[in-house]
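Colleague: The following block contains a protein sequence and its predicted model.
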Amino acid sequence: MHFEHKDMSRGPLELKLGVQLNALISAAHALNVKTSAYFDSSIQPAAFHIVRWLYAHGPTSASELADSTAMDRSSVSRLVKQLERLGYVSRDGSPHDRRAILLTLTELGRKKTFEALREKENFFYERIAQWDNRQLEAFIEMLQAINGFEQTDNSL
């Protein structure tokens, strides 16, 4: 969808915004790769993506994990097997359905994920350390708007 703007200065501003968003996405990707290596240098960043998802959302089925991470099921299966061998993920029976198997982070997986994410957070916290709360709140609101999120609970 293309929106026409009568204000001719808007186009260059939108291009500048695109450059900055691309820089943020690229920096976030590079940081995710670095955080993955901090977590365990023997795994691929895609495996750490699975670990982060399980850390944020809790136990789930392999098919739900594949759908939620936009990975194909064979890749998820291969990566989960590696994470199981390393002791980061376990397969447990569902308390609601005896036939269902849920993938869960182990205590080791949770501990290492917490440490890796804490290290990752330091990167961004250094950049916003000098901002006052008003600036930080404004930035959060703008990011929510650009991401299409309407957060009603500001306690997070």
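Modeller: Perfect, thanks for sending it. Residues are numbered from 1 along each chain as shown.

Colleague: The helix or strand harbouring Leu13 - contacts with which helices or strands?
Modeller: Assigned by DSSP states H and E, Leu13 falls within helix 10-39. In terms of contacts (3 or more C-beta pairs under 8 Å, 6 or more residues apart in numbering; DSSP states H and E), helix 10-39 is packed against helix 45-57, helix 107-128. All C-beta atoms are positioned from the backbone trio N, CA, C, and that covers glycine.

Colleague: So what's the predicted local confidence for the residue positioned nearest the centre of the chain?
Modeller: Centroid-nearest residue in the chain, with C-alpha atoms, centre = their mean: Arg52, separated by 6.4 Å. Arg52 is assigned 94 on the pLDDT scale.

Colleague: how far away is the residue lying closest to it once chain neighbours are set aside from Ala70?
Modeller: With C-beta to C-beta, 6 or more residues apart in numbering as the criterion, Arg52 has its nearest non-adjacent residue at 6.8 Å, and that residue is Thr113. Using C-beta to C-beta, to the nearest Å, Thr113 is found at 20 Å from Ala70.

Colleague: relative to helix 107-128, how tilted is the helix holding Leu13?
Modeller: Here helix 10-39 runs at an angle of 140 degrees relative to helix 107-128 (axes from the mean of the first three to the mean of the last three C-alpha atoms, to 10 degrees).

Colleague: Pull out the buried positions in helix 10-39.
Modeller: Thr35, Ser36, Tyr38, Phe39 (16 or more other C-beta atoms under 10 Å).
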